[in-house]
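K.L.:
let me see the structure of the following:
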Amino acid sequence: MKVIFLGTAGGRVVTFNLIRRSGGFLLEENSSYLHVDPGPGAFVYLHQLGIDYKKIDLIVLSHLHLDHSADVNTLIEAATNGGKYRNLSLFAPKSALEGADRVVFPYNRRRLVKEETFSEGSEHHYKNWKVKAVIKHKHHRTETYGLFLQNKVVYVSCAGFEERMLTLYPKNADLMIINTTFYRKRPNVEHLSAEDAKVLISHLKPKKAVITHYSMEMLQIGPDKVAEEITKETGIETIAAKDNMILEI
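P.N.:
You can find the predicted model right below:
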């Protein structure tokens, strides 16, 4: 299985000034794709990589913020050829699909084979894809979930750190992807820091970890330098994701 990082931007400054690309990441297995958090530019970046939209089986949203969801409607259109193909499903928080702040257009929902909404601990399946909503995060009053994908990949999405992460996230995963927005902890901002990542990695002991979703602070310090620091302190190989990076697991 491959993990393809379309982009690594985190927060408004880096994302919406295009200092790093956004667009989330994909899992590729048996020539089909699961796309997690297709933020701004995902449609274009997929085309640049030569990925056939119709081979996307499943789109997963951790939450509705635009840096995670801006291209979800474009990809539904592209993957289904405007509704001509019945091949695509969507798993997401209910708030992304319904209510005043919904980000998935109602007419596009009718083009999906299946849609399912997350609750803490819920498990979801489509074709050969497996997704578990491990934990409902604290993240600026937005319904946000951390995920376990294919029983292999832990995705720690945007969140404020909570001790219960250490018991709800699975241990010894093949890969842990952590949205590590800041280097220094910011108590009043519900995003994770490098300090939080060290705690998670040390306790949960994945085989390998990846940090991504960088703020300007992280870019100024240098994600590679931060990843080396985390590796040294935890004893677990940690990689700083780069735009268009492909990782085999």
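K.L.:
I'd say Ser22 and Gly41 touch.
P.N.:
Yes: using Cβ atoms under 8 Å, Ser22 makes contact with Gly41 at a distance of 5.7 Å. From N, CA and C alone the C-beta is placed, and that goes for glycine too.
K.L.:
those two: who's more crowded?
P.N.:
Taking other Cβ atoms under 10 Å, Ser22 and Gly41 do not tie; Ser22 has more neighbours (27 against 22).
K.L.:
in space, what's closest to the more buried one - neighbours in sequence excluded?
P.N.:
Gly39 (3.7 Å; Cβ to Cβ, 6 or more residues apart in numbering).
K.L.:
would the one you found count as being in a helix?
P.N.:
No: counting by DSSP: H, G, I helix; E, B strand; the rest coil, Gly39 is located in no helix; its state is coil.
K.L.:
what's the spacing between it and Phe25?
P.N.:
As judged by Cβ to Cβ, to the nearest Å, Gly39 and Phe25 stand 10 Å apart.
K.L.:
quick one: pLDDT of the residue of the chain most remote from its centre?
P.N.:
In the chain, the greatest distance from the average C-alpha position (Cα atoms, centre = their mean) is reached by Lys84, at 27.6 Å. Lys84 carries a pLDDT value of 95.
K.L.:
one more: the one 10 residues further on?
P.N.:
Note for Lys94: predicted pLDDT of 98.
K.L.:
how about the closest residue to it other than its chain neighbours, what does it touch?
P.N.:
Closest residue to Lys94 apart from its sequence neighbours, by Cβ to Cβ, 6+ apart: Thr117 at 4.2 Å. Taking Cβ atoms under 8 Å, 6 or more residues apart in numbering, we find Thr117 in contact with Phe91, Ala92, Pro93, Lys94, Leu97.
K.L.:
which residues of the protein fall in helices?
P.N.:
Assigned by DSSP state H, the helices in the chain fall at 11-16, 42-48, 66-69, 72-80, 94-97, 106-109, 165-168, 194-204, 216-221, 223-234.
K.L.:
tell me how far the residue nearest to Lys94 lies from Val153.
P.N.:
21 Å.
K.L.:
if we can go back for a sec, against Leu90, how distant is the residue nearest to Lys94?
P.N.:
Distance from Thr117 to Leu90, by Cβ to Cβ: 10 Å.
K.L.:
what residues sit buried inside the helix or strand bottoming out on mean pLDDT in the chain?
P.N.:
Every helix and strand in the chain was compared by mean pLDDT, DSSP states H and E; the lowest is helix 11-16, with a mean of 91. Within helix 11-16, the residues scored as buried using 16 or more other Cβ atoms under 10 Å are Gly11, Val14, Thr15.
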